[in-house]
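Enquirer: Dropping the sequence and predicted coords here.
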Amino acid sequence: MKMPLSIKVIQGFMLLQVIVLGGLYFVVSQADPMNLSHWASKMVFSVVTMPEDMLDQSYVLGRMQGRLMLPLIITTLLFIFIQMRFLKSAIVCISLAILLDISNGSFLIAIVYVTLLLIVTHNKQSKAYFHGNNNQVTQTVSK
């Protein structure tokens, strides 16, 4: 069965989120408190108020990487599970993303994930896509 439009929209959303989170993670991972003239350090230090102590700066950069890494991993796994038609694994990843967003206080993104969960579990075309139902009639050859 072809991929329904609802699943294509979900995968497009996941791909966009992977690109944005991956780009942010790359920039934060390139930032160096020892070299403030580096392009990534300039970008990160201009957006985030950093403490004066270098150990505290390293701590803040590590926390930023950790807060970007977990959603990046969950979103990438969700993209892969939807592509491979693993319904239960996709539901688990969506649930983890909802819990992660609620714990971070981003309720708007959590509502988007709840909508995605409802689409994946209740849409008739999505169910058929994940269960591999083919609407094609097979012909039998009799002798």
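Expert: Received, thanks. Numbers count the residues shown, from 1 in each chain.
Enquirer: When you work out contacts or count neighbours from here on, use the C-alpha atoms and nothing else.
Expert: Will do.
Enquirer: longest helix anywhere in the protein?
Expert: In the chain, assigned by DSSP state H, the helix with the most residues is helix 54-83.
Enquirer: what ranges do the helices span in this structure?
Expert: For the chain, the helices defined by DSSP H occupy 5-30, 39-47, 54-83, 87-104, 107-122, 124-131.
Enquirer: With mean pLDDT as extra columns, can I get these in TSV?
Expert: Converted to TSV, the helices of the chain look like this (pLDDT from 0 to 100):
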stretch	mean pLDDT
helix 5-30	93
helix 39-47	89
helix 54-83	92
helix 87-104	93
helix 107-122	92
helix 124-131	89
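Enquirer: For those helices, could you give me JSON lines that also reports mean neighbour count?
Expert: Below are these laid out as JSON lines (neighbours: other Cα atoms under 10 Å):
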{"stretch": "helix 5-30", "mean neighbour count": "16"}
{"stretch": "helix 39-47", "mean neighbour count": "15"}
{"stretch": "helix 54-83", "mean neighbour count": "17"}
{"stretch": "helix 87-104", "mean neighbour count": "17"}
{"stretch": "helix 107-122", "mean neighbour count": "16"}
{"stretch": "helix 124-131", "mean neighbour count": "17"}
